[in-house]
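>>> Sequence plus predicted model, see below.
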Amino acid sequence: MLNPVVKSIDVLEFNKRYHQSPLTIIDVREPTEWDAGHIPKAIHIPKDSIKSCIQEKCPDFSQPLYLYCKGGVRSLYAAQLLNELGYREVYSVDGGFLAWMEHGFDVMV
């Protein structure tokens, strides 16, 4: 099977969608990073746990999922894994949490 291309989304477009309707947002960073601050309404599933935990938290394979990490690398990896597991609409947020904070968007501590 060919690996599907991982979709990415610009942080500005992500913020727009975030405010338009409820999204399923997954923070794939480590627990210490999550504890220091995260995007409100995000679900925390560290990258190394996503394969074993995702179906419990997100059982609908057609549900759009938005993943972020600190800068965008781990979320790309996790998005690729979710594509391989059969999730059909997975996005990696370009620039991750750093870009989110640089734009001054809401952060939950």
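Done, it's in.

>>> Which helix runs longest in this protein?
helix 73-85 (DSSP state H).

>>> Please identify the pairing partners of whatever helix or strand comes next after it and their relative orientation?
Note on helix 73-85: by DSSP states H and E, the next helix or strand toward the C-terminus is strand 90-93. Taking DSSP bridges as the criterion, strand 90-93 forms sheet pairs with strand 7-9 (parallel), strand 65-68 (parallel).

>>> For the longest helix of the chain, which outside residues touch it?
Outside helix 73-85, the residues that touch it by C-beta atoms under 8 Å, 6 or more residues apart in numbering are 3-4, 6-8, 26, 28-29, 47, 50-51, 54, 65, 67-69, 90-93, 96. All C-beta atoms are positioned from the backbone trio N, CA, C, and that covers glycine.

>>> Now with 10 Å, please.
The contact list for helix 73-85 (C-beta atoms under 10 Å, 6 or more residues apart in numbering) reads 1, 3-8, 26-30, 33, 45-51, 54-55, 58, 61, 65-69, 87-97.

>>> If burial is judged by neighbour count, which of those pass?
Buried residues within the contacts of helix 73-85, defined by neighbour count using 16 or more other C-beta atoms under 10 Å: 6, 8, 26-30, 33, 45-47, 50, 54, 58, 65-69, 87, 90-97.

>>> any idea how far Asn83 is from the most centrally placed residue in the chain?
In the chain, the C-alpha closest to the average C-alpha coordinate belongs to Leu67, at a distance of 1.0 Å (C-alpha atoms, centre = their mean). The spacing between Leu67 and Asn83, counted by C-beta to C-beta, to the nearest Å, is 11 Å.

>>> what's the residue nearest to Val109 when sequence neighbours are not counted in contact with, if anything?
Of all residues not flanking Val109 in the chain, Gly37 sits nearest, at 4.8 Å (C-beta to C-beta, 6 or more residues apart in numbering). Residues in contact with Gly37 (C-beta under 10 Å, 6+ apart) are 97, 100-101, 107-109.

>>> what pLDDT does Gly37 get?
Here the pLDDT value assigned to Gly37 is 97.

>>> Many thanks, have a good one.
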